[in-house]
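Colleague: Need coordinates for the following:
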Amino acid sequence: MKQLHLIALVATSTFNLIAGDELSKRFKADANRMLAWTKEDRGCYDLIADFTDHYPRRISGSENLEKGLDWLIEKMTSEGWNVKTQPVMVPNWKRGKEALSMTQPMARTMQFCGLGGSVGTDGKPLTAGVLVVKSYDELKQRKAEVPGKIVVYNVPFTTYGETVNYRYNGPSAAAELGAVATLMRSVGPDGIQTVHTGGMGYKDGVPKIPCGAITIEDALLMQRMQDREENMQLTVSMEAKWMPDAPSRNVIIEIPGSELPNEVVVMGGHIDSWDIGTGAMDDAGGCIAAWRALYMMQQLGMRPKRTIRVCFWTNEENGLRGGEGYAKQTPNEKHLLAIESDAGVFAPTGFNTDAKGAEKAAMEDIAKLLSPVHANNITEGGGGADIGPLKAYGAVMAGLEVQGDRYFWYHHTEGDTVDKLKQHEVNDCVYAMAVLSWCWANR
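Modeller: Sure, this is the predicted structure:
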């Protein structure tokens, strides 16, 4: 018994050594080849530009999304990939025409966009007085003033997760107190009269009221007016409505594993976007960088022991149906690692991960190979929304981290265009995802 225990200890120690101490040495030559290739590549940035210039506003259920997927499939096929698709039914929200104006104490047209999932104004403009609040606490303190008003959430940006709570849950919180509509100060650190859309939800049993986003500047303007005790009145008009679910697809390419093809490392991002802007950062860039990483391996003649797959998930922005559908349609495969890029393809800094023990040690060791592009930082995290469903199947989660100080300037706005990206930073993201996926597939 003691002998068996000793053998087990030796085996475990050997695995940990290979997993956590030798990978960076073992794959150094492969990483050098990939680094040299990405430093010379001029194709990835151009692909992002070509795709997003021609197929912007790829909201689920839209013609632009499906035509864009057709374009991608044709491009991938021309490179020699055996392209696979997974059918997914997706939510189908239509914005329609919309407008917002101030009628008191002055006449003023205001920049405005409906929040994804909002109801409309029943075919006619809605005119009402205004109450501006900075928090849920203030909303409760002033609940007697809420009935019949349009509640404006003038909530300063802290973190995305904290601030977006008001965008998602704010309409129902106000409706419970009698509000007739809500407006959300755009979720971002700064703005130049720019509106940011995004998803929202309704609480069961609470009236569904129209909701939209306004600029930071207009939220501050109305705050000043209220502080001066000026009476405000706004008129909002929205044609927003829900249509029946629509068919869409996840798009998949892969290099099958030479020894363990049923064990999979998957990487990618979401190919849908909101219906404003081009979604170059959020998230065509993440998708195409993963594609380019696989293309590089193909061009260098690299064949992994395990399958390395790229998936473009559909419907992340307003439903997560693509990620959920992918997990349900691949139940017989063993996903070892899932990598998501959904923070913009700016200069990479490393990966967040839920890996523990030997797996985290392995990732930290692999990250040494990312030092040439300053992407060797491994932090705790959850990976990403699209890969999240794979966690239940035992996959390690990893999310590409980038220098994202500019991301929320343009996030969910008309400003999300390819010119905000830099070619060398995009290429560094390609390298980071390629190295991690390659090393993990060959452990």
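Colleague: switch to C-alpha atoms for all contacts and neighbour counts from now on
Modeller: OK.
Colleague: Sketch out the strands for the stretch 101-250 of the chain, chain order is fine.
Modeller: Using DSSP state E, counting those that start in this stretch, the strands found in the stretch 101-250 of the chain span residues 108-110, 112-114, 126-133, 150-153, 181-185, 211-214, 233-238, 241-255.
Colleague: Just the buried positions in the longest one, please.
Modeller: The reference is to strand 241-255. When burial is assessed from 16 or more other C-alpha atoms under 10 Å, strand 241-255 yields the following buried residues: Lys241, Ser248, Arg249, Asn250, Val251, Ile252, Ile253, Glu254, Ile255.
Colleague: who's in contact with Ser172?
Modeller: Applying C-alpha atoms under 8 Å, 6 or more residues apart in numbering, we find Ser172 in contact with Gly201, Tyr202, Lys203, Val206, Pro207, Lys208, Ile209.
Colleague: how close does it get to Gly198?
Modeller: Separation of Ser172 from Gly198 (C-alpha to C-alpha, to the nearest Å): 16 Å.
Colleague: Go through stretch 146-163 and flag the buried ones.
Modeller: Taking 16+ other C-alpha under 10 Å as the basis for neighbour counts, the residues of stretch 146-163 that come out buried are 146-157, 163.
Colleague: ok, residues contacting that stretch?
Modeller: Residues outside stretch 146-163 that contact it (C-alpha under 8 Å, 6+ apart) are 128-135, 139, 166, 170, 174, 177-185, 187-189, 216, 219-220, 223, 234.
Colleague: swap in stretch 353-369?
Modeller: For stretch 353-369, contacts defined as C-alpha under 8 Å, 6+ apart pick out 16, 19-24, 28, 31, 350, 375-383, 396-399, 435-436, 439.
Colleague: Now go through the residues you listed and say which are in strands.
Modeller: With DSSP state E as the criterion, strands contain Gly350, Asn377, Ile378, Thr379, Glu380, Val396, Met397, Ala398, Gly399 from among those.
Colleague: Most neighbours among those, please name it.
Modeller: Among these, Ala398 has the most neighbours (other C-alpha atoms under 10 Å), with 30 neighbours.
Colleague: Quick check: beta-bridge partners of that one?
Modeller: Ile339, Thr353 (DSSP bridges).
Colleague: So which of the buried residues of strand 241-255 is the closest to Gly325?
Modeller: When the buried residues of strand 241-255 are compared for distance to Gly325 (C-alpha to C-alpha), Asn250 comes out closest, at 8.4 Å.
Colleague: Show the contacting residues for that closest one.
Modeller: Contacts of Asn250 (C-alpha under 8 Å, 6+ apart): Thr85, Gln86, Pro87, Val88, Cys311, Phe312, Trp313, Thr314, Gly322, Tyr326.
Colleague: List only those of these flagged as buried.
Modeller: Among the contacts of Asn250, those scoring as buried are Thr85, Gln86, Val88, Cys311, Phe312, Trp313, Thr314, Gly322, Tyr326 (criterion: 16+ other C-alpha under 10 Å).
Colleague: Need the phi and psi values for the last one.
Modeller: Torsion angles at Tyr326 (phi, psi; degrees, to the nearest 10) stand at phi -60, psi -50.
Colleague: State the distance from it to Pro207.
Modeller: Here Tyr326 is placed at a distance of 34 Å from Pro207 (C-alpha to C-alpha).
Colleague: try the third one
Modeller: Taking C-alpha to C-alpha as the criterion, Val88 is separated from Pro207 by 30 Å.
Colleague: Repeat that for the second one.
Modeller: Note on Gln86: its distance to Pro207, by C-alpha to C-alpha, is 36 Å.
Colleague: mind checking pLDDT for the spatially most central residue of the chain?
Modeller: Taking C-alpha atoms, centre = their mean as the criterion, Asp342 is the residue nearest the geometric centre of the chain, at 4.1 Å. According to the model's per-residue confidence, Asp342 sits at a pLDDT of 97.
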